[in-house]
Structures are given as structure tokens and as C-alpha cells.
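Engineer: only geometry, no sequence info:
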């Protein structure tokens, strides 16, 4: 089933991935992940993966029609609390990299885009 518990997922990036994201994920930019990816609804898991020099992607998934799938019941790695992001997952950068004072880690805020997200008037 599509993930819908609280509508936010987190993905921790290591230092190398964080460096690329800081450069490429500017506000308003559309991002397209062509392959399978994963995320977690548990911020702590993403923070653990991102530390010490990485960052966390905060992903607002669609409440309907999301290309995320809750696989936690089926995953062998239950401690990862994993949600699968299907290929061709599209996002928009809502907020570029910024330091979170509480965790001392950079965050980038992303919003999942629907397949039919363009209206022409």
C-alpha cells in the first residue's frame, strides 16, 4: 500500500551525497529519481545515516496517488523502518539546505509531485 501515516518521510545522505544535494537542490528545482529508492518515517534513522557530515531530505509525500510503498511489514531489516520509493519519483525543492539547530544537521525539504501536476489556464 502507499505510505500515508503522517505524510513525511526522511532520507539520510552521507557526506558525498550531501555535497551533491547542496549544489543541485535549489529552491523550486524539480527532481526526478529514476530508480528505486527508500526512505523512512523515522527521523532518527535518517539522522543516524546522515551523521556526521551528511544531510537529511525531508519528503512530503502525496496523501493520494503517492509513488511510495510501505514495505515495513515485509522488510528483513525491520530496524530501518523502510518505505520504498518507486522509480520515476518526482519532487520539487521547497526549501534548500539549511541547518537544523536541534540536530546540527542540514535539511532539504522536498514535496512529491503528482503525475498530473500541471494545470494550464
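Structural biologist: Structure's in. What do you need? What you see is a predicted model; the values in this text were computed from it and never measured.
Engineer: How much space separates the spatially closest residue to residue 111 that is not a sequence neighbour from residue 78?
Structural biologist: Distances taken as C-beta to C-beta, 6 or more residues apart in numbering place residue 60 nearest to residue 111, at 4.7 Å, with adjacent residues excluded. From N, CA and C alone the C-beta is placed, and that goes for glycine too. Here the criterion is C-beta to C-beta, to the nearest Å. By it, residue 60 lies 25 Å from residue 78.
Engineer: May I see the buried residues of the lengthiest strand in the chain?
Structural biologist: If you go by DSSP state E, the chain has its longest strand at strand 89-100. Of all the residues in strand 89-100, those buried under the rule 16 or more other C-beta atoms under 10 Å are 89, 90, 91, 92, 93, 96, 97.
Engineer: Following element in sequence after the worst-scoring helix or strand of the chain on mean pLDDT, please.
Structural biologist: Lowest by mean pLDDT, DSSP states H and E among the helices and strands of the chain is strand 68-70, with a mean of 91. Remark: after strand 68-70, the chain's next helix or strand is strand 83-85, criterion DSSP states H and E.
Engineer: by contact count, what packs against that next one?
Structural biologist: If contacts are counted by 3 or more C-beta pairs under 8 Å, 6 or more residues apart in numbering; DSSP states H and E, strand 83-85 sits against strand 37-39, strand 68-70.
Engineer: hang on, the earlier thing: angles on the backbone of the residue nearest to residue 111, please.
Structural biologist: Note on residue 60: backbone dihedrals following degrees, to the nearest 10 are phi -90, psi 110.
Engineer: Show me the shaky parts of this protein.
Structural biologist: Scanning the chain for pLDDT under 70 picks out the ranges 1-6, 116-120.
Engineer: now the longest helix seen in it against strand 89-100, angle please.
Structural biologist: Secondary structure of the chain read by DSSP state H shows that its longest helix is helix 15-24. With axes from the mean of the first three to the mean of the last three C-alpha atoms, to 10 degrees defining the directions, helix 15-24 sits at 100 degrees from strand 89-100.
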